[in-house]
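Trainee: I need the structure of the sequence given here:
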Amino acid sequence: MSEPLPRTDLGDAPAPVPLEGTRARVTRVSVSKVAPSPTSPEEGSGAVPPDAPMLQELRLLRTEIQDLRSVLDLVRRGEAPVARFVEYIRRTRKQVRAILSRIHSSDDCVRRIRNAWEQIESCELVRRPGGNLDLQIQIQCLNLLDVLCRQIIYGCSCRTIPARLAEWLEDTRPGYAIPFHALFEDEVPDAEDRQKILNHLALVPNLLKPYGGMADPDAGMIYRYEQVAWKRVLSLGLVVLAVLAATGVALLLHALAPVDGQGVERLLVGWAAVLGGTVVHVGVGAAKRVRAAGAMVVVSAREGFILLRVVMALVGYLAFVYGIGMTAATGVQSYVFNAFLVGYSLDSVMELLGAGLNRRAGLQAAALRR
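Mentor: Numbering: from 1, shown residues only. Got it, this is the predicted structure:
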């Protein structure tokens, strides 16, 4: 008989997570207390959150469970027999028990982690790893253990990832971005679980707001924005100045090399159409972020990217003007519509370029890890 799992007196436990066959949904973990307690201005940055010891234990627990899951996955794929890892499974069982005995919390997230581990220990493959199991039962146990290990990894990450993001945001300059999926791929291997954590950070912006963080689940980024109000206004002014400067460059080039059939008024109308196409293409996502965080916060967090869009819009418009131009036979409406399409398509080109760079960066990171 295995030793009973040490646990604190946490009251009545919720019912274990139901599992159907060999597949189950990942438990919905309540993360109402995901973020570490923000430090007050009097405490200053760098203060240790009160739950730091528990977060450290959860990181150790996640590491143990993740390694156990990797070993069991080797067995499930038929690359190694269970007998080879009997001692490892027994040792991991003792270590996990010791870690859980040091975690004293009534948090529902921690309680679900305990429940998942109790279900793991009730599995025959973990309770008696050296026993002879029928092949079909062993496969069912391995599939079940994979689901339960995934639940524990997800639950631990829900508590530890926001705390690590808070530390990184304090050391990150405004305008920079943290690639969420690339950084936490090792800790949370399942992309669906990473996306759920990122979505929660976006839906509850106050978790990262004390540290100047803003989550963008569509881009998979955590942006650092300026927390000082007047600096956010300065960022907005810089973007407006960049648009005015780009307009001045277009007018200057037109004065040096006029385009037949196109006056200054039509040049400005076409430039406004290009900017309008760019804004319309990103309008839906930008509107969501503006409603969640505010216009100046979004501009401060994505200042560099917005300035790059302005430069790309100017280059595309000048190429359009001097490549196609507007003759007397070309209607104004057709000209404006084509300029609008230039702005709309330029943003799509930038997204494709960014996606390609992200894929190349991911391949290089994977090669370095290997």
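
Trainee: How much space separates the closest residue to residue 130 other than its chain neighbours from residue 299?
Mentor: With sequence-adjacent residues excluded and distances taken as CB to CB, 6 or more residues apart in numbering, residue 130 is closest to residue 86, at 4.8 Å. Just so you know, the C-beta spots here come from the backbone N, C-alpha and C atoms, and that holds for glycine as well. To residue 299, residue 86 is 58 Å away according to CB to CB, to the nearest Å.

Trainee: hey, where'd the strands end up in this protein?
Mentor: 177-179, 213-216, 221-224 (DSSP state E).

Trainee: Now do the contacts for residue 184.
Mentor: For residue 184, the contacting residues are 157, 161, 194, 197, by CB atoms under 8 Å, 6 or more residues apart in numbering.

Trainee: mind showing which ranges of this structure have poor pLDDT?
Mentor: Applying pLDDT under 70 to the chain flags the ranges 1-49, 257, 259-262, 283-297, 324-331, 347-370.

Trainee: mind redoing it with 80?
Mentor: Along the chain, segments meeting pLDDT under 80 span 1-50, 130-133, 205, 228-229, 231-232, 253-266, 281-305, 319, 321-335, 344-370.

Trainee: burial of the closest residue to residue 250 other than its chain neighbours, as a residue count?
Mentor: Nearest non-adjacent residue to residue 250, counting by CB to CB, 6+ apart: residue 271, 5.7 Å away. By the criterion of other CB atoms under 10 Å, residue 271 has 22 neighbours.

Trainee: In this structure residue 271 contacts residue 320, no?
Mentor: No - between residue 271 and residue 320 there is no contact under CB atoms under 8 Å: 10.1 Å.

Trainee: any common contacting residues for those two?
Mentor: residue 339.

Trainee: Just the helices from the stretch 51-200 of the chain, written as ranges.
Mentor: Secondary structure of the stretch 51-200 of the chain (DSSP state H, counting those that start in this stretch): helices located at 52-76, 86-101, 108-121, 124-127, 135-170, 180-184, 191-203.

Trainee: hang on, I meant the stretch 251-370 of the chain
Mentor: 264-293, 295-301, 303-323, 332-369.

Trainee: residue contacts, the nearest residue in space to residue 71 that is not next to it in sequence?
Mentor: Using CB to CB, 6+ apart and skipping the chain neighbours, the partner closest in space to residue 71 is residue 85 (5.2 Å). Contacts for residue 85 (CB under 8 Å, 6+ apart) come out as 71, 75, 129.

Trainee: Rebuild these as TSV, extending it with distance to residue 97 and neighbour count.
Mentor: Formatted as TSV, the contacts of residue 85 follow (distance: CB to CB, whole Å; neighbours: other CB atoms under 10 Å):
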residue	distance to residue 97	neighbour count
71	18	16
75	22	21
129	15	19
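
Trainee: Which one of the residues you listed is nearest to residue 189?
Mentor: Of all the contacts of residue 85, residue 71 has the smallest distance to residue 189: 14.1 Å, by CB to CB.

Trainee: ok, the closest one touching residue 87?
Mentor: No - contact between residue 71 and residue 87 fails when scored by CB under 8 Å: they sit 11.4 Å apart.

Trainee: residues near residue 194, how many?
Mentor: Residue 194 - counted by other CB under 10 Å - has 21 other residues nearby.

Trainee: rewinding a little: just so I know, which of the helices of the stretch 51-200 of the chain lies nearest residue 315?
Mentor: Nearest of the helices of the stretch 51-200 of the chain (CB to CB): helix 180-184, 28.9 Å.

Trainee: Now the closest one: buried residues?
Mentor: For helix 180-184, burial by neighbour count (16 or more other CB atoms under 10 Å) applies to 180, 183, 184.

Trainee: Same question for stretch 188-197.
Mentor: 188, 193, 194, 196, 197.

Trainee: Could you dump those residues into TSV and include distance to residue 92?
Mentor: Putting these into TSV (distance: CB to CB, whole Å) gives the following:
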residue	distance to residue 92
188	19
193	21
194	24
196	26
197	25
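
Trainee: tell me which of these is nearest to residue 311?
Mentor: residue 194 (32.2 Å).

Trainee: Leaving out chain neighbours, which residue sits closest to the closest one?
Mentor: residue 188 (4.7 Å).

Trainee: State the distance from that neighbour to residue 72.
Mentor: Distance, residue 188 to residue 72, using CB to CB: 17 Å.

Trainee: With residue 137 instead?
Mentor: Residue 137 is 14 Å from residue 72, by CB to CB.

Trainee: Determine the number of other residues adjacent to residue 68.
Mentor: By other CB under 10 Å, the residues close to residue 68 number 22.

Trainee: Same question for residue 323.
Mentor: 7.

Trainee: In contact with the nearest residue to residue 66 once chain neighbours are set aside, which residues?
Mentor: Leaving aside its chain neighbours, residue 66 sits nearest to residue 153 (5.7 Å; criterion: CB to CB, 6+ apart). Contact partners of residue 153, counting by CB under 8 Å, 6+ apart, are 62, 65, 66, 69, 187, 188, 189, 190, 193.
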